[in-house]
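Undergrad: quick one, what's the 3D model for this:
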Amino acid sequence: MSAPPESFHHIRIEPQGWEFSSQAGQTLLLAALQAGYRLPHSCRNGSCRACMTRLLEGRIDYQVEWPGLLREEKEEGWILPCVACARSDLRLEAPQAAALHSEASPGTLAPTPSPAPVDKSVHSLPIDAPSD
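TA: Alright, predicted model coming up:
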């Protein structure tokens, strides 16, 4: 018996027109970062509100019981992508989102450049002991 196929949802960021997919159970923030798009964020646990984004279309669930939004904000369509997971295809209004790659154009995914190698060698400096 084979495992069921993973569920993916289509996400579109407005007004830029950028599109990417999100796996079931993956936060919108992590899905965007994985696709090469940076949404504003800070805490990643639903309390700082730095990632507040308006949900224009679709349905989400939260990974936390009560994210840092007022009832009125939820009713106006505001969500916290750092703890929100797609339950359907979504359209988000995120004018402050940024592409992490230079080839971004509406509706396309360009590869994210590989980071430069990190020097992991250990450097030591001699420390002179105070003379008595």
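
Undergrad: below-threshold pLDDT in this structure: ranges please.
TA: The model of the chain has pLDDT under 70 over residues 1-6, 102-132.

Undergrad: and the strands in it?
TA: Secondary structure of the chain (DSSP state E): strands at 8-14, 18-23, 37-38, 53-57, 60-62, 78-79, 84-86, 90-93, 98-99.

Undergrad: who does the third one touch, helix- and strand-wise?
TA: What it means is strand 37-38. strand 98-99 (3 or more CB pairs under 8 Å, 6 or more residues apart in numbering; DSSP states H and E). In short, each C-beta sits where N, CA and C put it, glycine included.

Undergrad: so how far is Glu76 from the residue nearest the centre of the chain?
TA: Of all residues in the chain, the one closest to the mean position by CA atoms, centre = their mean is Leu29, 1.7 Å from it. Per CB to CB, to the nearest Å, Leu29 is found 20 Å from Glu76.

Undergrad: of all the strands of the chain, which one is nearest Leu70?
TA: Leu70 lies closest to strand 78-79 among the strands of the chain, at 8.6 Å (CB to CB).

Undergrad: so which elements touch the longest helix belonging to the chain?
TA: Secondary structure of the chain read by DSSP state H shows that its longest helix is helix 28-35. Where contact means 3+ CB pairs under 8 Å, 6+ apart, helix 28-35 is packed against strand 8-14, strand 18-23, strand 84-86.
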